[in-house]
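>>> curious how this folds, go ahead:
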Amino acid sequence: MSIKNYFGWAPHLMTAALALSLAACGSDPGEGSGETGSGSETTTDGSDSDDPSATTSPTGSNSDTDGTSPSGSDAGSDTEDTTTDTAGPTTDDPTNATTDDPTDATTDDPTDATTDDPTDATTDDPTDATTDDPTDATTDDPTDATTDDPTDSGTDTDTDTDTDTDTDTGGGDEPPEWLLSIENSTHTLQKVDINTGLATDVCVLNTNDSYPSLTFSRVNELYASRGGSALDLIDPCTCEVTQIGSYGGFSGVNGITSDQAVELFGVASTQDETISIDTQSGMAQTVGALGFNWGTGGATWSDELQGLYAINGSTDFLYSVDPDTGMATPLEPLTFNFGTVGIELHPLNNTIYACSSNAVLFTVDPSTGDTDPVGPMMQQGSCTNLAAPYKPVLCNGEPL
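Reported below is the predicted structural model:
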């Protein structure tokens, strides 16, 4: 082909090549610079010629087989593909809920009830009745009647309505603050106030016998030595006398007192012996000799001494008496001159009381022998006997 012919056809050939190139790229030749990719496809067709070995240059420009640099209309179709440089929603989209969405309830949502919700009743809810609810009746409810309710009638309320109906010997309370004494001149049983000494009548005995000694046993029964030779039982509420029996030959038994059990001890002045007395029969047995000439006298049991105290009116001495041997031991001279003798140790206050011919109540100090008056008993005759109960005496349910 001639040069002329070449230059004549050249424009037509270039136009046809450009059209083929644009058709192969799917571009509109009217858009000039080429379409920017928004997808992920990379163009590999750099066809500015028919050479199948032509490839797209690394810079995104097409190189022609004839070595012509990409310029002019060629450059317009070789714009670098921006598909991989466009930020996609996969990583940088702020609406991506997978990682950065602050409303993501899986981890960062403060309303997540699984861990951080303060209304979560499983652990943190203060109204959770299982552990923290202060109204939980199982453990913490102060009205729980099983353990803490002070009104729990199962254990703490005493419904015992038992009442002692014994009208003779009383209950198990402390003994009363009085002594009993028989005023022999009137055959009247009297109650003597240990604080004042004053005697008041209780009842009149249904007998004219005289009683030089009187005592309560450990079971709170009242016994009297009738005439100093026999034992009687007296009801302190009615003054009914029941004769029990003779001492079996012992006389002058002017002092009787309880022993450690249900029987009695006595001092027999006629025999100058200590005797034991059976309360069922009245029969007496010798314990042992007193060792002294005994005149008027009386005796009383002492738990502290574990023996007897006795006054001998003939010597005006206080003695101790051994309950195993019957032997008397002088303790102290008394500060009062006794005629008749009544003596009793009161279990309420462990005090020895005594009386004599002037019918005045005394206290006796066993460590010194001091005999101090409490007050006049106002009896008409001599006082010969005193008795203190070991517990209250009830008469028709009322204390004597």
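
>>> what's the local residue count around residue 218?
Residue neighbour count, defined by other CB atoms under 10 Å, stands at 16 for residue 218. Using the backbone N, CA and C atoms, a C-beta is placed for each residue, glycine as well.

>>> which one is it nearest to, not counting chain neighbours?
When the adjacent residues along the chain are set aside, residue 218 lies closest to residue 258, with 5.3 Å between them (CB to CB, 6 or more residues apart in numbering).

>>> ok, residue 333 next?
Residue 333 sits nearest to residue 369 (CB to CB, 6+ apart), 5.2 Å away.

>>> how about the strands in the stretch 101-250 of the chain?
Counting by DSSP state E, counting those that start in this stretch, the segments of the stretch 101-250 of the chain that form strands are 178-183, 188-193, 199-204, 213-216, 222-226, 230-234, 241-246.

>>> closest to residue 267 out of those strands?
Of all these, the one in closest proximity to residue 267, counting by CB to CB, is strand 213-216 (8.9 Å).

>>> note down every partner strand of that closest one and its orientation.
Using DSSP bridges, the strands paired with strand 213-216 are strand 222-226 (antiparallel).

>>> quick check: angle from the partner strand to strand 241-246?
60 degrees (axes from the mean of the first three to the mean of the last three CA atoms, to 10 degrees).

>>> show residues contacting strand 222-226.
For strand 222-226, the external contacting residues (CB atoms under 8 Å, 6 or more residues apart in numbering) are 180, 182, 209-217, 231-236, 241, 243-244, 253-254, 256, 264, 266, 279, 385, 387.

>>> the same query, at a cut-off of 6 Å, please.
For strand 222-226, the surrounding residues in contact (CB atoms under 6 Å, 6 or more residues apart in numbering) are 209, 211-216, 231-234, 236, 253, 256.

>>> specify the angle between that strand and strand 178-183 in degrees.
30 degrees.

>>> which among the contacts of strand 222-226 count as buried?
211-216, 231-234, 236, 253, 256 (16 or more other CB atoms under 10 Å).

>>> what sits opposite the spatially closest residue to residue 237 that is not a sequence neighbour in the beta ladder?
Distances taken as CB to CB, 6+ apart place residue 395 nearest to residue 237, at 3.6 Å, with adjacent residues excluded. Taking DSSP bridges as the rule, residue 395 bridges to residue 398.

>>> ok, back up a step: just flag the most distant two among the buried ones among the contacts of strand 222-226.
Longest span within those, CB to CB: 236 and 253, 20.9 Å.

>>> where are the low-confidence patches of this protein?
Per-residue confidence for the chain (pLDDT under 70) gives these ranges: 1-172.

>>> how does it look with 50?
1-9, 24-171 (pLDDT under 50).

>>> still on that earlier bit, show me the one of the strands of the stretch 101-250 of the chain that comes nearest residue 333.
So among the strands of the stretch 101-250 of the chain, strand 213-216 is nearest, using CB to CB, at 22.9 Å.

>>> just the C-alphas of the closest one, formatted as CSV.
Below are the C-alpha coordinates for strand 213-216, written out as CSV (Å, rounded to 0.1, in the frame of the first residue of the first chain):
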residue,chain,number,x,y,z
SER,A,213,-43.2,-31.7,172.5
LEU,A,214,-44.4,-31.1,168.9
THR,A,215,-42.6,-31.6,165.5
PHE,A,216,-43.1,-31.9,161.7
